[in-house]
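**Student:** Show me how the following folds:
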Amino acid sequence: MGRLLGCIFGLIEPVGYSEQLGQQQVEAGQQRRDTGFVLVHRYLFRFPGLVAKDRHDMTKAIDDPIYQKGRFAVSAANARDRIAEGERTVASTQIALIRGINVGRAKRVAMADLRALIEDLGYSNVRTLLNSGNVVFTVPRPAAGDAAAGLEKAIAKRLGVSARVTVLTAAELAAVVTENPLLKVADNPSRLLVAVLRNPAGQRKLEPLMKQDWAPEALAIGRRVAYLWCPGGILDSRLAEAVNRVLGDAVTARNWATVLKLYALSEDKR
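**Tutor:** Have a look, this model is predicted:
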């Protein structure tokens with residue numbers, strides 16, 4: 001009877017069938033945003049007393065006693081697995097920072113050509129900022145391979161330019177913006193640098209620099225970046241020179257004004 005009602009009203013199968021149902025949902029929903037938690041939002045919370053307006057509410061409501069008593073409810077663990085699977089298959093926004101292009105006459109790359117190249121790689125909603133190799137794009141999930149390595153190879157092959165590429169997720173960029181510890185002392189966004197490490201492990205190379213006195217300049221280390229305050233200007237900065245010497249092409253830097261523009265662009269879900 002329960003299975004019959006489930007078929008008629010679109011309810012969830014009994015507990016004994018949850019594993020099979022979960023697998024079917026994952027396989028069928030790889031390209032849909034609601035993969036994984038569609039069951040929870042669309043069906044599960046039809047039980048009286050359960051309301052879920054967003055993912056946080058859904059996850060919290062899984063432990064609700066009413067849910068636990070539901071005859072057709074899947075296990076809480078399975079529901080959480082499906083939510084996680086949904087998040088993994090959602091398209092994500094990423095930011096590519098290309099090092100050293102369009103500086104003087106070297107390594108000239110037209111932004112229109114760069115956008116076309118990235119679109120041809122299967123990415124969408126590709127947008128560039130300024131002329132210095134800043135790209136915001138959408139990555140389909142599940143994404144295969146290393147985006148940075150793929151971009152480097154494609155730029156070299158198609159555009160004839162060898163350049164290191166560092167890729168951040170939108171979440172990583174948001175953390176860069178919200179966790180900047182130098183905002184209290186930095187009053188000029190064009191002289192506040194964010195040096196983005198290609199590999200977070202490179203932070204260890206910066207530790208000796210943290211022990212030195214750079215006043216009036218200042219250095220701080222974030223999760224995957226270093227913040228450099230260069231009040232006398234970037235070109236004359238001892239600190240910027242030291243960081244570049246230590247990290248070489250494993251780092252690329254943008255001033256704070258550019259970082260904020262990239263952040264705004266990454267938040268634009270047009």
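**Student:** who are the neighbours in contact with residue 97?
**Tutor:** 133, 134, 165, 166, 167, 168, 196, 252, 254 (CB atoms under 8 Å, 6 or more residues apart in numbering). The way it works is simple: take the backbone N, C-alpha and C, and place the C-beta from them, glycine included.
**Student:** And residue 202, by the same measure?
**Tutor:** Shown in contact with residue 202 (CB under 8 Å, 6+ apart): 247, 250, 251.
**Student:** Give me the distance between it and residue 251.
**Tutor:** Separation of residue 202 from residue 251 (CB to CB, to the nearest Å) stands at 7 Å.
**Student:** With residue 172 instead?
**Tutor:** Residue 172 is 15 Å from residue 251, where distance means CB to CB.
**Student:** Those two: which is more packed in?
**Tutor:** Set side by side, residue 172 and residue 251 show more neighbours around residue 251, with 23 against 18, by other CB atoms under 10 Å.
**Student:** Does that one touch residue 244 like I think?
**Tutor:** Yes: using CB atoms under 8 Å, residue 251 is in contact with residue 244, at 7.2 Å.
**Student:** picking that back up, just the closest of the contacts of residue 97 to residue 93, please.
**Tutor:** Checking the contacts of residue 97 against residue 93 with CB to CB, the nearest one is residue 168 at 9.8 Å.
**Student:** And for residue 138, nearest residue in space, chain neighbours not counted?
**Tutor:** Leaving aside its sequence neighbours, residue 138 sits nearest to residue 125 (CB to CB, 6 or more residues apart in numbering; 4.2 Å).
**Student:** Check which helices and strands the host helix or strand of residue 171 is in contact with.
**Tutor:** In the assignment (DSSP states H and E), residue 171 maps to helix 170-178. Contacts defined by 3 or more CB pairs under 8 Å, 6 or more residues apart in numbering; DSSP states H and E place helix 170-178 against strand 92-98, helix 256-267.
**Student:** Need the ones you listed in a markdown table (columns: mean pLDDT).
**Tutor:** Output for these, formatted as a markdown table (pLDDT from 0 to 100):
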| stretch | mean pLDDT |
| --- | --- |
| strand 92-98 | 95 |
| helix 256-267 | 96 |
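**Student:** Where does pLDDT dip in the stretch 101-250 of the chain?
**Tutor:** Scanning the stretch 101-250 of the chain for pLDDT under 70 picks out 142-145.
**Student:** Can you show me the strands along it?
**Tutor:** Remark: strands assigned in the stretch 101-250 of the chain by DSSP state E, counting those that start in this stretch are 124-129, 134-139, 165-169, 192-197, 218-221, 225-229.
**Student:** tell me the angle of the first one relative to strand 92-98?
**Tutor:** I take that to be strand 124-129. Counting by axes from the mean of the first three to the mean of the last three CA atoms, to 10 degrees, strand 124-129 lies at 40 degrees to strand 92-98.
**Student:** Likewise for the third one?
**Tutor:** Going by the same axes, to 10 degrees, strand 165-169 is angled at 150 degrees with respect to strand 92-98.
**Student:** what are the C-alpha coordinates of strand 165-169, in PDB please?
**Tutor:** The C-alpha coordinates for strand 165-169 follow below in PDB (Å, rounded to 0.1, in the frame of the first residue of the first chain):
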ATOM      1  CA  VAL A 165      47.600  30.400 -14.300                       C
ATOM      2  CA  THR A 166      46.200  30.300 -10.800                       C
ATOM      3  CA  VAL A 167      42.500  29.400 -10.200                       C
ATOM      4  CA  LEU A 168      40.400  30.300  -7.200                       C
ATOM      5  CA  THR A 169      36.900  29.200  -6.400                       C
END
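**Student:** Tell me which residues of that strand come out buried.
**Tutor:** Counting neighbours by 16 or more other CB atoms under 10 Å, one finds that the buried residues in strand 165-169 are 165, 166, 167, 168.
**Student:** Contact partners for the closest residue to the last one other than its chain neighbours?
**Tutor:** Yep, that's residue 168 we're talking about. Setting aside the residues directly before and after it, residue 168 is nearest to residue 95 in space (CB to CB, 6+ apart), at 4.7 Å. Contacts for residue 95 (CB under 8 Å, 6+ apart) come out as 134, 135, 136, 167, 168, 169, 170, 173, 262, 266.
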